[in-house]
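**Q** Build the 3D model from these lines:
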Amino acid sequence: MVRLGDIAEIRKGRAKHEDPDGDYLQVTAAAIDYNGRVNRLNTKKAFASEDDPTILRPNDVLLTVDGTTDNVALIKGDGLLCGSTCILIRPRKSGDAYRIFSHLRSYTGQEALKSLRKGDYVPHLNIKDIRNIDIP
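**A** From the prediction side, this is the model:
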């Protein structure tokens, strides 16, 4: 077992102002489906500078952390931003992306996430707790 924070960079997404002329699609919890994919129809266009750390790359993993706290997506394309209701998990080795994604979607991973939930009315996950999840 290894801690998630030891094999991946983990950061909270940021809210961007919606702009119909934006270069990127902002991914929020509403855009991640139960199959681990991003539904681009549920995203909004936004601008970001080229060095914005929330720009998603292939093999990044997204985890919803506000409201719906159990959806996980593996990013396969470009042109996406991590929105404020998600955490960006960027594996240090590209081979770890599917390992992280699979574990967080597994029964064991889902139970670990459920045990970390805080808040009764609007559940959320704390980024510090996410860093300490054990990955087999």
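**Q** Pull the contacting residues for Ala46.
**A** For Ala46, the contact set (Cβ atoms under 8 Å, 6 or more residues apart in numbering) comprises Lys16, His17, Glu18, Asp19, Gly22, Tyr24, Leu25, Gln26, Leu81. Bear in mind the C-beta positions are built from the backbone N, C-alpha and C, glycine included.
**Q** Okay, strands next: where are they in this structure?
**A** Secondary structure of the chain (DSSP state E): strands at 2-3, 8-12, 24-27, 44-46, 61-64, 72-74, 80-82, 86-91, 134-135.
**Q** Switch these over to CSV; also include distance to Ser106 and mean pLDDT.
**A** Shown next, in CSV, are these (distance: least, Cβ to Cβ, whole Å; pLDDT from 0 to 100):
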stretch, distance to Ser106, mean pLDDT
strand 2-3, 16, 97
strand 8-12, 17, 97
strand 24-27, 22, 96
strand 44-46, 31, 95
strand 61-64, 13, 96
strand 72-74, 10, 97
strand 80-82, 22, 97
strand 86-91, 15, 97
strand 134-135, 11, 96
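**Q** quick one on the thing from earlier: check the contacts of Ala46 and tell me the two furthest apart.
**A** For the contacts of Ala46, with distances taken as Cβ to Cβ, the pair at the greatest spread is His17 and Leu25 (13.7 Å).
**Q** And these two? Which one has more around it.
**A** Between His17 and Leu25, Leu25 has the larger neighbour count (other Cβ atoms under 10 Å), namely 20 against 9.
**Q** Find the residue closest to that one in space, skipping its chain neighbours.
**A** Leaving aside its chain neighbours, Leu25 sits nearest to Thr43 (3.9 Å; criterion: Cβ to Cβ, 6 or more residues apart in numbering).
**Q** swap in Ile89?
**A** Per Cβ to Cβ, 6+ apart, closest to Ile89 is Val61, 4.1 Å.
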